[in-house]
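K.L.:
below is the structure, and that's it, no one-letter string:
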């Protein structure tokens, strides 16, 4: 293994590991994110996270890097104590925190299932302000396919009036475009992502998507099958995306 590989797998010194664990606990409490959710976001096992937070197994640098990338904030050294910023960069719309506080909450997210035809998948998306980065971030959790949970930044440019949830992992993008919220604070729009195809092939796919404030939709998260009691309600909610013109489908030329 190379020297770089050894470094990334090395354990943090005990003192730094304890301080990092304290900062992580504070972040989870402040954002109200469960340990299972952050483990899914960082693509680490819950057992690894629990042992590191309990002090029975020190954090490795690789684990901390994954956690920092998932949360979008530094957990080590002076960067972790940076002064909070309250305005997003120009590239994300230059919005102020005061102007976007309304969007900071947990949403039940609905979209068609790509794996089970006719079904709907429901999971949690949290949108919250990242003090260190100075912009909104989102993180998905409680997905049936937890390994594919997404996290990223939120752009809200005044020019279009839309909200963009962007994942960028090593140049690979996944995008959600949401229209203006309804009076109930619900948001509807379009998801553009990649779907697993034959073998290892990935195929571009798009679908309508709905974001409903969690208190307004009390359902079990996961796959909502057509025979589920909640299916008709979820389907009607999801159909709003196209029925109320939050997004449109356009086919190919016919003539």
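P.N.:
On my side now, so go ahead. Keep in mind the model is a prediction, meaning the values are calculated, not measured. Residues are numbered from 1 along each chain as shown.
K.L.:
which strands and helices sit next to the top helix by length along the chain?
P.N.:
For the chain, the longest helix by residue count, based on DSSP state H, is helix 14-31. Under the contact definition 3 or more CB pairs under 8 Å, 6 or more residues apart in numbering; DSSP states H and E, helix 14-31 sits against helix 46-54, helix 61-71. The C-beta positions use only the backbone N, C-alpha and C, and glycine is treated the same way.
K.L.:
tell me the most buried of those?
P.N.:
helix 61-71 (a mean of 19; mean count of other CB atoms under 10 Å).
K.L.:
which other helices and strands contact the very next helix or strand once past it?
P.N.:
Helices and strands here follow DSSP states H and E; after helix 61-71, the next one along the chain is helix 97-100. Using 3+ CB pairs under 8 Å, 6+ apart as the contact test, no helix or strand touches helix 97-100.
K.L.:
okay, buried residues for helix 97-100 please.
P.N.:
For helix 97-100, a neighbour-count test (16 or more other CB atoms under 10 Å) marks 97, 100 as buried.
K.L.:
i'd like the first residue to be 389 from this point on
P.N.:
Sure, I'll start numbering at 389, so the last one becomes helix 485-488.
K.L.:
what's in contact with it?
P.N.:
With CB atoms under 8 Å, 6 or more residues apart in numbering as the test, helix 485-488 has contacts from 474, 475, 517, 524, 544.
K.L.:
contacting residues for the closest residue to residue 590 other than its chain neighbours?
P.N.:
Computed as CB to CB, 6 or more residues apart in numbering, the closest residue to residue 590 that is not its neighbour in sequence is residue 582, at 4.3 Å. For residue 582, the contacting residues are 560, 562, 590, 591, 592, 593, by CB under 8 Å, 6+ apart.
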